[in-house]
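Participant: model this:
(one chain, ligands or ions: 2)
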Amino acid sequence: MDRKELEKMIINRLNNLTKPVGSLGELERIALKIGLIQQKVIPELFKDKRIYVFAADHGVTECSISAYPREVTKQMVFNFLNGGAAINVFAKHVGAKVFVVDAGVDADFEDHPFLIKRKVGYATKNIAFGPAMSKEEAVKCIQYGREIARSAILQGADLLVVGDMGIGNTTIAAAIAAAFGFDVDEVVDIGTPIDQKTLERKKQVVRQALEVNKPDRKDAIDVLSKVGGFCIGQMVGFILEACENRCPVVVDGFPTTAALLIAYEMNKNILDFVFAGHKSKVKGHEVMLKYLGLRPILDLEMRLGEGTGAALAISIIEAAIKMISQMATFESAGVSKGSDQT
Ligand SMILES: Cc1cc2ncn([C@H]3O[C@H](COP(=O)(O)O)[C@@H](O)[C@H]3O)c2cc1C
Ligand SMILES: O=C(O)c1cccnc1
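Facilitator: Ligands and ions are numbered 1, 2, ... in the order given. Purely as a prediction, here's the structure:
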């Protein structure tokens, strides 16, 4: 069926459910988007929801831009695998599985059924003094991320969430946003709670990273290799592959949306398959979402990452699917139509 025709049929069904036209607001737009993705007037509930937390370390932590030391990345990987992190709790709450990807943590890990080992290096180089990684490494990251999404989809995944873990991630995300032309003051904010002096240093580090590296905003791989990270690069490939296979992806906060910005530069058609799970308290997140034209599903003043906001948004997406598939129509329930009906 052609897209316009399907869209008309879905809107027609939404308007025939026993409620005033448009009264379920954003839930109606979510139901429409899922219907268009699944190419069904009545979409199906997800059978295999998966959260992938991409973890890596960053050379820029040498500049003391986070409230926490680098080894927390590795320690949180263990916490994820032991089921003790916020994302584990929220994943359980929404019935999703959590996979952790070692994209470039500064540590080695034993095998674990939920750990995907795709290390590109033991942390990137410090972006304040040169490129984070080589062009080859950037390409490799994207390829690994694509492979992870492809195999998830082949295994049956029908909803993917992107999460991040890496001390220094909000500095890297801000540098990516700034490389694409956003104002440094608009996108550098606290990630983990830092004092004013550290925040000023963080801004300075981002400015210096741009001056030293001169990323070319028209070349996504250039931006990724110069001011990105191994985790970000794998998220880029993951998002691209999921969307190109018509699998819905929910992005989380500031770092995962920075990865989406790069992915969007590489393929402008992906946004039909992307949901913004929430709006992070980190101030640069809202401007990025506005630029992408994505409306966040939740706004709970969260600023954690790991995929936590996106995981919680799953329950809203599922409510939207249940709404369009389970509500009675005016005809079936014998309810009189109003003047807003066509
Ligand atoms: C215990 C702990 C758990 C976390 N889970 C996610 N993050 C979040 O904080 C980090 C980014 O903040 P910044 O750029 O300020 O370093 C990322 O790892 C992100 O996922 C955490 C941070 C900490 C400390
Ligand atoms: O917006 C986020 O996802 C975020 C905020 C702070 C730290 N880490 C991630």
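Participant: where along this structure do the helices fall?
Facilitator: Taking DSSP state H as the test, the helices found in the chain are 3-16, 25-38, 71-81, 86-94, 135-154, 169-179, 184-187, 196-213, 220-227, 230-244, 254-266, 283-292, 308-326, 330-333.
Participant: Now do the buried residues in the last one.
Facilitator: Read it as helix 330-333. By 16 or more other CB atoms under 10 Å, the buried positions in helix 330-333 come out as Phe330. For every residue, glycine as well, the C-beta is placed using N, CA and C.
Participant: what sits against the closest residue to Ile239 other than its chain neighbours?
Facilitator: Among residues not flanking Ile239 along the chain, Ala263 sits closest, at 4.3 Å (CB to CB, 6 or more residues apart in numbering). By CB atoms under 8 Å, 6 or more residues apart in numbering, Ala263 lies in contact with 220, 235-236, 239-240, 243, 270.
Participant: hmm, 10 Å instead?
Facilitator: Ala263 makes contact with 142, 145, 162, 220, 224, 232, 235-243, 249, 251, 270-271, 274, according to CB atoms under 10 Å, 6 or more residues apart in numbering.
Participant: Check Gly121 too.
Facilitator: Residues near Gly121 by CB under 10 Å, 6+ apart: 56-57, 59, 103-106, 132-134, 137, 140-141, 230.
Participant: what is the residue positioned nearest the centre of the chain paired to in the beta sheet?
Facilitator: The geometric centre of the chain, computed from its C-alpha atoms, lies nearest to Val251 (CA atoms, centre = their mean), at 2.1 Å. For Val251, the beta-bridge partners are Ala276 (DSSP bridges).
Participant: Isn't it up against Gly277?
Facilitator: Yes - assessed by CB atoms under 10 Å, Val251 is found in contact with Gly277 at 6.4 Å.
Participant: so Ile148 sits right up against Val100, yeah?
Facilitator: No - here Ile148 lies out of contact with Val100, judged by CB under 10 Å, at a distance of 11.1 Å.
Participant: which of these two has more neighbours?
Facilitator: Ranked by neighbour count (other CB atoms under 10 Å), Ile148 and Val100 place Val100 first, with 28 against 24.
Participant: re earlier: among the helices of the chain, which is nearest Asp111?
Facilitator: Closest of the helices of the chain to Asp111 is helix 71-81, at 10.7 Å (criterion: CB to CB).
Participant: so what's the nearest residue to Val53 once chain neighbours are set aside up against?
Facilitator: Here the nearest residue to Val53 in space, its sequence neighbours aside, is Gly163; by CB to CB, 6+ apart that works out to 4.0 Å. With contact set as CB under 10 Å, 6+ apart, Gly163 has these partners: 51-55, 80, 85, 87, 91, 98-101, 231, 235, 250-253, 255-256, 277, 304-311.
Participant: Also within reach of ligand 2: list those from these.
Facilitator: 252-253, 255, 304-305 (CB under 6 Å from any ligand atom).
Participant: Give the residues shared as contacts by Ile148 and Val100.
Facilitator: In contact with both Ile148 and Val100: 52, 54, 116, using CB under 10 Å, 6+ apart.
Participant: what's the closest of those residues to ligand 2?
Facilitator: Phe54 (12.2 Å; CB to the nearest ligand atom).
Participant: residues touching the nearest residue to that closest one once chain neighbours are set aside, list them.
Facilitator: Using CB to CB, 6+ apart and skipping the chain neighbours, the partner closest in space to Phe54 is Cys231 (4.0 Å). By CB under 10 Å, 6+ apart, the contact set of Cys231 is 53-58, 73, 101-105, 120, 124, 141, 145, 162-166, 169, 172, 255-256, 259.
Participant: In ChimeraX, select just the buried ones from those residues.
Facilitator: For the buried members of the contacts of Cys231, the matching ChimeraX selection, counting by 16+ other CB under 10 Å, is:
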select :53,54,55,56,57,58,73,101,102,103,104,105,120,124,141,145,162,163,164,165,166,169,172,255,256,259
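Participant: just the contacts of Cys231 that are near ligand 1?
Facilitator: When contact is defined as CB under 6 Å from any ligand atom, the contacts of Cys231 meet ligand 1 at 164-166, 169.
Participant: And the furthest pair within those residues?
Facilitator: Spatially, the most separated pair among the ones next to ligand 1 among the contacts of Cys231 is Met165 and Asn169, at 7.6 Å (CB to CB).
Participant: about what we covered before: okay if I get the helices of the chain as a markdown table plus distance to Leu45 and mean pLDDT?
Facilitator: Putting the helices of the chain into a markdown table (distance: least, CB to CB, whole Å; pLDDT from 0 to 100) gives the following:
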| stretch | distance to Leu45 | mean pLDDT |
| --- | --- | --- |
| helix 3-16 | 16 | 98 |
| helix 25-38 | 10 | 98 |
| helix 71-81 | 26 | 98 |
| helix 86-94 | 12 | 99 |
| helix 135-154 | 17 | 98 |
| helix 169-179 | 32 | 98 |
| helix 184-187 | 36 | 98 |
| helix 196-213 | 42 | 98 |
| helix 220-227 | 34 | 98 |
| helix 230-244 | 18 | 99 |
| helix 254-266 | 24 | 98 |
| helix 283-292 | 26 | 97 |
| helix 308-326 | 6 | 99 |
| helix 330-333 | 20 | 97 |
